[in-house]
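Colleague: Attaching a predicted model along with its sequence, questions to come.
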Amino acid sequence: MNKIIKSIEDAQLKSEVSKFNVGDTVKVYAKVKEGNRERTQVFEGVVLKRQNGGARETFTVRKQSNGVGVEKTWPVHSPIVEKVEVIRLGKVRRAKLTYLRDRVGKRAKVKELVR
């Protein structure tokens, strides 16, 4: 990669990034702008995937809302994401949990990692 692009991307990185992995249940605190007001909205769900690296790193969170699956993808280093709070650690053996999209009820759960 070009040194100039690398230096610009390094300046965009957050100094403190939350530690979370695929399968964890997390709360994502995101800033939402509504007109001239700004508020924090919480999105709670299971991390399906975490991809790329550096300034372009993203993660996808899935939750069930009124019987409908909702997925949102955020950049890890985005200023919109205030913080990511881990609620449960998930025990998974895959890098991407796309198979959870087809499952409903108890089958859609991820086992908890007990430490």
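Modeller: Structure's in. What do you need?

Colleague: Can you check which strand is longest in this protein?
Modeller: Taking DSSP state E as the criterion, the chain has its longest strand at strand 37-51.

Colleague: Identify the neighbouring strands of that one in the sheet and state each direction.
Modeller: Taking DSSP bridges as the criterion, strand 37-51 forms sheet pairs with strand 25-34 (antiparallel), strand 58-65 (antiparallel).

Colleague: how about low-confidence regions in the protein?
Modeller: 1 (pLDDT under 70).

Colleague: ok, back up a step: quick one: contacts of the longest strand of the chain?
Modeller: Residues from elsewhere that reach strand 37-51, judged by Cβ atoms under 8 Å, 6 or more residues apart in numbering: 20-32, 57-63, 70-72, 76, 82, 87, 90, 95-98, 100, 110. (C-beta placed from N, C-alpha, C; glycine too.)

Colleague: Next: stretch 97-110.
Modeller: Contacts for stretch 97-110 (Cβ under 8 Å, 6+ apart): 22-23, 25, 46-49, 62, 64, 69, 90-92.

Colleague: Straight-line length of that stretch, end to end?
Modeller: Start and end residues of stretch 97-110 are separated by 10 Å (Cα to Cα, to the nearest Å).

Colleague: quick one on the thing from earlier: just the buried residues out of the contacts of strand 37-51, in PyMOL syntax.
Modeller: Buried residues within the contacts of strand 37-51, by 16 or more other Cβ atoms under 10 Å, are selected in PyMOL with:
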select buried, resi 20+22+23+24+25+26+28+30+57+59+60+61+62+76+90+97+100+110
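
Colleague: SS state for residue 10?
Modeller: helix (DSSP: H, G, I helix; E, B strand; the rest coil).

Colleague: Residue numbering should commence at 54 henceforth.
Modeller: Yep, numbering from 54; the last one is residue 63 now.

Colleague: Stretch 58-72 spans what distance, first to last residue?
Modeller: This stretch, stretch 58-72, spans 26 Å end to end (Cα to Cα).
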